[in-house]
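# following is a predicted model, sequence given first.
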Amino acid sequence: MESLLTENEVSTCLKVSLACLRRWRLVGEGPPYVKVNNMVRYREADISSWVGKLPTAGNGRRLGPKSVARPKLAASA
């Protein structure tokens, strides 16, 4: 059986706060998790897969609406 990681272990591994990890889980943005009774646990393979799918700077980055280059309009007098 594969070992499961606790919230504290995952937050330390990802170098994010426990609150951040919980917020991601609440809004569905973080790594997949499993519930064992009332405890939240993470599979190591799921963490690795989730990190591997994150966009990277440069060629893998998705542009948001504020990042799109817009042409500058000439100022009229």
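The structure has been received and is ready for your questions.
# who's in contact with the spatially closest residue to Val10 that is not a sequence neighbour?
Among residues not flanking Val10 along the chain, Tyr42 sits closest, at 4.9 Å (C-beta to C-beta, 6 or more residues apart in numbering). Where C-beta positions appear, they are placed from N, C-alpha and C, glycine not excepted. Listed by C-beta atoms under 8 Å, 6 or more residues apart in numbering, the contact set of Tyr42 reads 4-7, 9-10, 31-34.
# also Asp46?
So, once contact is read as C-beta under 8 Å, 6+ apart, Asp46 ends up touching 31-33.
# just to revisit the earlier point, and the residue nearest to Val10, what element?
Assigned by DSSP states H and E, Tyr42 falls within strand 39-43.
# only whichever of the contacts of Asp46 are buried, select them in PyMOL.
Typed into PyMOL, the line below selects the buried ones among the contacts of Asp46, using 16 or more other C-beta atoms under 10 Å:
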select buried, resi 31+33
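# closest one to Cys20 out of the contacts of Asp46, please.
Pro31 (12.0 Å; C-beta to C-beta).
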